[in-house]
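S.K.: Return atomic coordinates for the entry below.
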Amino acid sequence: MTKKDGSNQSFFEEIPSSIISDILSRLPIKACLKCKMVCKEWYHITMSPEFAELRHARDSYSALLFYGKFHNWTTNFLLLDLDKTSNVDELGNISVGVDSMIGFKSEFNLPNRKLHLVNQCNGVVCLKAPEMWSPFIVSNPLTGQFLIVKQSQKPYHSLQGYGLGYCPVSRKFKLLRILMTKCKYVADIQTLGTNEWRSLGDAQVSKEKIGAFLHGSLHWYSSKDHCIWSFHFGNEQFLHIPAPVEITRCSSIDVTVFDSYLCYSCISKDGFQRDIWLMKEYGVKDSWVKQFVLEKREFGLLYVPLLRIGSGEILVSFRGRCNLLAYDLKSETYRKVKVHGISFFDVVTFDMNLSQL
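M.R.: Model (predicted):
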């Protein structure tokens, strides 16, 4: 580095860390991965949880993480880092640069076991095989670090729901699992690194998918009492969140996160569209707004919105299928989106996080 006359410090060394952090947080993920190798200061900046939070708040990029079978078999994670100009071309390809596509190969090779992606939380993903008591795999694809969390089997219990969360106070990741006995639901939790499941006592019903992490909590819909339940990883409490009041009987309900809001999507009563509701003020019943609808076409209605792209279209994924579509709200038309080199995949929106588990 160039040095000033009569000084042992470089120009970079005179720049406050807060300014460097602000500059680096505006870069794409691949550039951030390179920056952490420049010097010790940049390494500590990019590896800190505060940097991940700053980059997320910047909202300059959106990322999709694919997990599945790749044609070349050299990777099983593919990250697409999308900026505000990204779009889908006429052939259905996502228009991104070479540096916006990053492949990763995980080290946890479990033969004869199909892992599925449970959920993503603060740049860390949870995976699990279909067998009830199979272990959880918690992995940070960007750092390659992973943990295998074994389950302690409980006689006369069945596993009903599970998900990965993050405590905003302790900055520790935790796994929640909900079990059913003959007469009630109970919950266990494990803080990563302790290797110990703790009992939380009674739990709320969780037959539906758990996975929407927002504001320190996991969320899921309960058809039993027509509401959304959440579990906060700080106080380790279950909380009730009201569903949109206008909805009484709907089917195929998903609770996700879209545009940084809690998102409630369901098939309408007439069965011809999928209604997308956003909770504009978290926890406030009257803040639910029907943001848009996804019209029924030849693809059916089993999909949920992922994110908006530069062209104004919305990327949507099929629940339980390896398809990605771009939906144009103005023309109400869909286009199949091609994902290079992937024949089968799970997909989630993804936050960058280079800190350790």
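S.K.: got the contact list for whichever strand or helix holds Tyr221?
M.R.: For Tyr221, the host element (DSSP states H and E) is strand 217-222. Outside of strand 217-222, the residues within contact range by C-beta atoms under 8 Å, 6 or more residues apart in numbering are 119, 161, 163, 165, 176, 204-213, 227-233, 239, 241, 243, 253-255, 262, 264. For glycine as for every other residue, the C-beta is placed from the backbone atoms N, C-alpha and C.
S.K.: Out of the residues you listed, which end up buried?
M.R.: Neighbour counting by 16 or more other C-beta atoms under 10 Å classes 119, 161, 163, 165, 176, 204-206, 208-213, 228-233, 241, 243, 253-255, 262, 264 among the contacts of strand 217-222 as buried.
S.K.: Ser252 reaches Leu301, doesn't it?
M.R.: Yes: contact status for Ser252 versus Leu301: in contact at 6.6 Å, counting by C-beta atoms under 8 Å.
S.K.: Tell me which of the two has more neighbours.
M.R.: Leu301 (20 against 15; other C-beta atoms under 10 Å).
S.K.: which ones are touching that one?
M.R.: Ser252, Ile267, Gly271, Gln273, Arg274, Leu294.
S.K.: And the buried ones among those, selectable in ChimeraX?
M.R.: In ChimeraX, a selection of the buried entries from these looks like this (16+ other C-beta under 10 Å):
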select :267,273,274,294
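S.K.: Out of the contacts of Leu301, which is nearest to Thr46?
M.R.: Set against Thr46, the nearest of the contacts of Leu301 by C-beta to C-beta is Leu294 (37.3 Å).
S.K.: For the closest one, report the pLDDT, please.
M.R.: With respect to pLDDT, Leu294 scores 85.
S.K.: What strands line up against the host helix or strand of it, and which way round?
M.R.: Leu294 belongs to strand 288-295 when assigned by DSSP H and E. Here strand 288-295 has these sheet partners by DSSP bridges: strand 273-279 (antiparallel).
S.K.: Okay, angle between the strand it pairs with and strand 217-222 too, please.
M.R.: Strand 273-279 and strand 217-222 meet at an angle of 140 degrees, taking axes from the mean of the first three to the mean of the last three C-alpha atoms, to 10 degrees as the criterion.
S.K.: so where's the stretch 101-250 of the chain shaky on pLDDT?
M.R.: By pLDDT under 70, the low-scoring segments of the stretch 101-250 of the chain are 109-113, 206-209, 245-250.
S.K.: Can you show me the strands along it?
M.R.: For the stretch 101-250 of the chain, applying DSSP state E, counting those that start in this stretch gives strands covering 101-104, 116-121, 124-128, 136-139, 146-149, 158-167, 172-180, 185-191, 198-202, 212-214, 217-222, 227-232, 237-241.
S.K.: Quick one: closest of the ones you listed to Gly68.
M.R.: Minimum separation from Gly68 across these (C-beta to C-beta) falls at strand 116-121, 8.5 Å.
S.K.: just checking, what packs against the closest one?
M.R.: strand 124-128, strand 158-167, strand 212-214, strand 342-350 (3 or more C-beta pairs under 8 Å, 6 or more residues apart in numbering; DSSP states H and E).
S.K.: Pairing partners for that strand, with directions?
M.R.: Next to strand 116-121 in the sheet, as set by DSSP bridges, lie strand 124-128 (antiparallel).
S.K.: Point to the residue nearest the middle of the protein.
M.R.: In the chain, the C-alpha nearest the mean C-alpha coordinate belongs to Gln120, at 3.3 Å (C-alpha atoms, centre = their mean).
S.K.: OK, contacts around it?
M.R.: Residues in contact with Gln120 (C-beta under 8 Å, 6+ apart) are Leu65, Cys126, Leu164, Phe213, Val348, Thr349, Phe350, Asp351.
S.K.: can you list these in TSV and add distance to Cys39?
M.R.: TSV is the format used below for the contacts of Gln120 (distance: C-beta to C-beta, whole Å):
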residue	distance to Cys39
Leu65	28
Cys126	33
Leu164	32
Phe213	33
Val348	33
Thr349	31
Phe350	27
Asp351	25
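S.K.: residues making contact with the lengthiest helix in the chain?
M.R.: Longest helix in the chain by number of residues (criterion: DSSP state H): helix 49-58. Contact with helix 49-58 is made by 21-22, 24-26, 32, 45, 61, 122-123, 171, 351-355, as judged by C-beta under 8 Å, 6+ apart.
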